[in-house]
Structure formats: structure tokens, C-alpha cells
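The sequence isn't on hand, but the structure is:
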Ligand SMILES: C[S@@+](CC[C@H](N)C(=O)[O-])C[C@H]1O[C@@H](n2cnc3c(N)ncnc32)[C@H](O)[C@@H]1O
């Protein structure tokens, strides 16, 4: 397993690579995802696997990463995951999932947010830019802010602030509630 200094040295600034290492923020992100053993989980832009390694058991875990150096590392560090090398924005349309997790460069997340209404998932937990306007999702999704992450929450430290949101399609919320209410 890479030490902190090795993890920081792996980061490629041209890909906005900052790996989330704060144990308290990782715990909040993982808890917000509410993963059950029956879920198919997809993490986009998995980096060095610091998030994927914390995820609880699930029916499947697929991680997508653009950088081939990191896909090799992910195969070693997260052996239970299916590791796919490629562009998250393309692959998210092909890989089915119940739970979608993504801490990607902010401009990539912005395009992912645009695509959310066309995707099928139960819950997404995404890190967005500090000033990203998620108003475009209101009416179709319930949004809950989980926490902010910045600076030493990452290796190497991330100068910008990201805000982590739990995002649930309103239709799936309604069907969850209906499933809990016994029919007469
Ligand atoms: C900010 S780092 C975060 C890594 C990890 N999610 C974490 O929280 O520690 C973003 C990661 O997304 C990857 N990435 C950037 N653009 C991508 C894309 N279009 N598709 C897949 N991965 C991408 C980068 O290589 C990098 O590993």
C-alpha cells in the first residue's frame, strides 16, 4: 500500500488528481451513500482507491478511472472491484448501478450532473465545485448537502473547496415510501 508521500507523488496535476484521505470525511461520504448488500455500486474517477476501499460489501463494485497508472494500482488496492479504464462520462451511460459515487474534477462533474436526468440510479453521492449551481436538478431530485472537503482532506492538498451532495431521484423516493406503506 502506498505511503502518504507516495500517494501524493502519484498525483498528476493535469488530471486534477487529489485523493480523499480524511477518515472523517470518507466516513461521511460512505454513510451518505447508504449502500446495502443488494446494491450495484459504481465509483467514477476512483483515483488511488481511497474511497473504494472504505465501501461496505455490495452485490458488485465497479470503479472507473481514466489514468492507466491508477487502474493498475486500483486492481491491487481494491481486489473485489471490477476496474474499468475509460472516460466516466461515456461509461456512466453503459454501466448499470444503484449507487453512483463520484469525486471527479469539477468540470467533469458538471457534465455528469447535466446527464443525471437520463441515468437510472437510486442514489448518487457527488462532490461538486463550491459554486456549482444544482438548481437544474430541483423538482426531479432531492438534494442533501453532506459536507465540504478541501485542503488537507486530500493528498496532495486540494486548494479548491468541493461540496459533497447526496442526490436522489424523486420518483425512487416515492417508490421507496410506497414499498414501506402496506396496501389495503
Ligand atoms: C480529484 S481526483 C479524486 C480521486 C478519488 N475519487 C478520491 O476521492 O480520492 C479525480 C480522479 O478522477 C480521474 N478522472 C478525471 N477525469 C476523468 C474522466 N473523464 N473519467 C474517469 N476518471 C477521470 C482522475 O484521474 C482522478 O484520479
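That came through fine. From a predicted model like this one, the values you see are computed outputs, not experimental measurements. Numbers count the residues shown, from 1 in each chain.

for the ligand, what are the nearby residues on the chain?
By Cβ under 6 Å from any ligand atom, the residues of the chain that approach the ligand are 15-20, 44-47, 50-51, 64-67, 70, 87-89, 103-105, 108. All C-beta spots, glycine's among them, are computed from the backbone N, C-alpha and C.

Helices - which of the residues you listed land there?
With DSSP state H as the criterion, helices contain 70, 88, 89, 108 from among the residues of the chain next to the ligand.

Would you confirm that the first one contacts residue 46?
Yes: counting by Cβ atoms under 8 Å, a contact exists between residue 70 and residue 46, whose distance comes to 7.4 Å.

The two: which has the busier surroundings?
Higher neighbour count among residue 70 and residue 46: residue 46, with 33 against 25, using other Cβ atoms under 10 Å.

Nearest spatial neighbour of the more buried one, chain-adjacent residues omitted?
Among residues not flanking residue 46 along the chain, residue 63 sits closest, at 3.8 Å (Cβ to Cβ, 6 or more residues apart in numbering).

Now do that neighbour: how many residues are near it, please.
Residues lying near residue 63 (other Cβ under 10 Å) number 27.

Now do the contacts for it.
Counting by Cβ atoms under 8 Å, 6 or more residues apart in numbering, residue 63 touches 42, 43, 46, 49, 52, 74, 78, 81, 82, 83, 84.

The ligand: which of those is nearest?
residue 46 (5.5 Å; Cβ to the nearest ligand atom).

beta partners of residue 138?
Following DSSP bridges, residue 138 is listed with bridge partners residue 141.

Tell me how far it lies from the ligand.
26 Å (Cβ to the nearest ligand atom, to the nearest Å).

what's the answer for residue 123, then?
Taking Cβ to the nearest ligand atom, one finds residue 123 at 17 Å from the ligand.
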